[in-house]
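Visitor: The sequence and its predicted three-dimensional model are supplied below.
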Number of protein chains: 2
Amino acid sequence: MSAEPVETHSLDSESRARGGHADHKAELRLWLRMLTCTTMIEGEIRRRMRDRFDITLPRFDLMAQLERMPDGMTLGELSRRMMVSNGNVTGLVDRLVTEGLLQRRQSDADRRAHYVSLTEAGHQTFAVMAAEHEDWVADLFADLGPVEVDSLMRLLGAAKRSVQRSSRNPVPS
Amino acid sequence: MSAEPVETHSLDSESRARGGHADHKAELRLWLRMLTCTTMIEGEIRRRMRDRFDITLPRFDLMAQLERMPDGMTLGELSRRMMVSNGNVTGLVDRLVTEGLLQRRQSDADRRAHYVSLTEAGHQTFAVMAAEHEDWVADLFADLGPVEVDSLMRLLGAAKRSVQRSSRNPVPS
DNA sequence: ATTCAATATTTGAAGCTTAAAACAATGGAT
DNA sequence: ATCCATTGTTTTAAGCTTCAAATATTGAAT
């Protein structure tokens, strides 16, 4: 074993000259491109959801979480899975219940918790929307081949894990 | 030349059996993973921007567009670059002007248009925030190597072009 | 000169979103 | 039994966001 210097996180002379602020333009450009992609796709799907089904994306996303959960889910679980605040979910659920797409009932075991599930109408409505939604997404990515789709999945998986690590243990500011 | 059947967009027997709805689960999973990544990163940066600088992400993003544009930019141009509605920009600009970070003036050439630019205080404030922001982003992606960053850039570039194509020419619903 | 479609911006209504505080219920430690 | 930190939900205030309608201005065609 030779003694190679390993200085993964140390500052080279150039970054010291910049006052300890290393150059990370590549990561910044990556983040901006990722954000652009997501914004474009989200905007397009939101528009189509509105034009075609007169529904908002947050409501559709909430219903998607509930699909395949016959017993439903608590508001808190919905909040965690959708990565939005509790109060946000309260409002969305209220509106969807008013529309007759969701039903809520208090938990027997824990009187704080409320279970929410799709109504029969909710299931039927969602099935129609989801099929078309899937086609839209497929078309949005249609110029990518299967290999590119797989590569993106893998790399985004790695990115996701990196973000989780950094969120748990942020850089000191 | 042999006569190979090319049926890129035709339906195979299996998808016909499903009622003309081909299976595109891979693209759907890719979209959901991309959205998860973006949501996690955006949430983390929003939190840090708030904790550290008491500023919102939309305001920071708007200032970022104005940096390096000494002559400023019209509201409409800001709206296009940020990919948000005109009315949205009006509100953000109003608040940033109130905070003394932005200045607006009517265009001489076109009295409908208003140019917006960073004030001196805006430039200084932004410089501090941007440096830290860059470090946050670098740390969020720190587990990715340079090759992975490049691959992601390239693949997201391809994805972006695909989305642009699909948005111009959507699938018939 | 007048008309009119296009462009730049603002406004208002509705809905989404967060953060923080409040409230209610749980369950474990004493 | 009581305490109390934790958990599940709601509420409120502030801000973000879109869409559509309104207003003002431009520039080109007549």
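Guide: Great, that's in hand.
Visitor: CA atoms for contacts and neighbours, from now on please.
Guide: Will do.
Visitor: per-residue confidence averaged over stretch A:141-149?
Guide: Stretch A:141-149 shows a mean pLDDT of 98.
Visitor: Tell me, how many residues neighbour A:Asp139?
Guide: A:Asp139 sits with 21 neighbouring residues when counted by other CA atoms under 10 Å in any protein chain shown.
Visitor: do A:Val137 as well
Guide: Neighbour number of A:Val137 under other CA under 10 Å is 24.
Visitor: pretty sure it contacts B:Leu30?
Guide: No - A:Val137 sits out of contact with B:Leu30 when judged by CA atoms under 8 Å, with a separation of 9.3 Å.
Visitor: which residues are common contacts for these two?
Guide: Between them, A:Val137 and B:Leu30 share no contacting residue under CA atoms under 8 Å, 6 or more residues apart in numbering or on different chains.
Visitor: Tell me the strands beside whichever strand or helix holds A:Arg105, with direction?
Guide: Using DSSP states H and E, A:Arg105 falls within strand A:102-106. Take DSSP bridges as the rule and strand A:102-106 pairs in its sheet with strand A:114-118 (antiparallel).
Visitor: what sits up against the strand holding A:Arg105?
Guide: A:Val93, A:Leu96, A:Val97, A:Arg112, A:Ala113, A:His114, A:Tyr115, A:Val116, A:Ser117, A:Leu118, A:Thr119, A:Gly122.
Visitor: what mean pLDDT does the helix ranked longest in chain A have?
Guide: The longest helix of chain A (DSSP state H) is helix A:25-53. For helix A:25-53, mean pLDDT rounds to 98.
Visitor: Check whether the helix or strand just after that helix comes close enough to DNA strand D to count as a contact.
Guide: Elements were assigned by DSSP H and E; along the chain past helix A:25-53, the next helix or strand is helix A:57-66. No - using CA under 7 Å from any atom of the strand, helix A:57-66 stays clear of DNA strand D, with a minimum separation of 10.6 Å.
Visitor: So helix A:57-66, near chain B or not?
Guide: No - Helix A:57-66 is not in contact with chain B by CA under 8 Å from any CA of the partner chain; minimum separation 10.5 Å.
Visitor: how big is the angle separating that helix from strand A:102-106?
Guide: 60 degrees (axes from the mean of the first three to the mean of the last three CA atoms, to 10 degrees).
Visitor: is helix A:57-66 anywhere near DNA strand C?
Guide: Yes - for helix A:57-66 and DNA strand C, the contact criterion (CA under 7 Å from any atom of the strand) is met by A:Leu57, A:Pro58, A:Arg59.
Visitor: Which positions in the strand holding A:Arg105 come out as buried?
Guide: Residues A:Leu102, A:Gln103, A:Arg104 are the ones in strand A:102-106 that count as buried (16 or more other CA atoms under 10 Å in any protein chain shown).
Visitor: what do you get for stretch A:86-106?
Guide: Buried-residue list, stretch A:86-106, by 16+ other CA under 10 Å: A:Val89, A:Val93, A:Leu96, A:Val97, A:Leu101, A:Leu102, A:Gln103, A:Arg104.
Visitor: got CSV for these, with distance to DNA strand D and pLDDT too?
Guide: Output for the buried residues of stretch A:86-106, formatted as CSV (distance: CA to the nearest atom of the strand, whole Å; pLDDT from 0 to 100):
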residue, distance to DNA strand D, pLDDT
A:Val89, 7, 98
A:Val93, 8, 98
A:Leu96, 12, 98
A:Val97, 11, 98
A:Leu101, 16, 98
A:Leu102, 13, 98
A:Gln103, 12, 98
A:Arg104, 9, 97
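Visitor: what's the farthest-apart pair in those?
Guide: A:Val89 and A:Leu101 (14.7 Å; CA to CA).
Visitor: Contact residues of chain A facing DNA strand C?
Guide: A:56-59, A:83-88, A:91-92, A:95, A:109-112.
Visitor: among these, which are in helices?
Guide: Going by DSSP H, the helices hold A:Leu57, A:Pro58, A:Arg59, A:Asn86, A:Gly87, A:Asn88, A:Gly91, A:Leu92, A:Arg95 from the residues of chain A next to DNA strand C.
Visitor: since we're on the second one, how many residues are nearby?
Guide: Right, the one you point to is A:Pro58. 14.
Visitor: who touches it in this structure?
Guide: Counted by CA under 8 Å, 6+ apart, A:Pro58 has contacts A:Leu92.
Visitor: What's the separation between it and B:Phe60?
Guide: The gap separating A:Pro58 from B:Phe60 is 24 Å, by CA to CA, to the nearest Å.
Visitor: quick check, the longest helix of chain A touching DNA strand D?
Guide: Yes - interface with DNA strand D: helix A:25-53 contributes A:Gly43, A:Arg46, A:Arg47 (CA under 7 Å from any atom of the strand).
Visitor: Identify, from those, the entry nearest to chain B.
Guide: Comparing those against chain B with CA to the nearest CA places A:Gly43 closest, at 9.0 Å.
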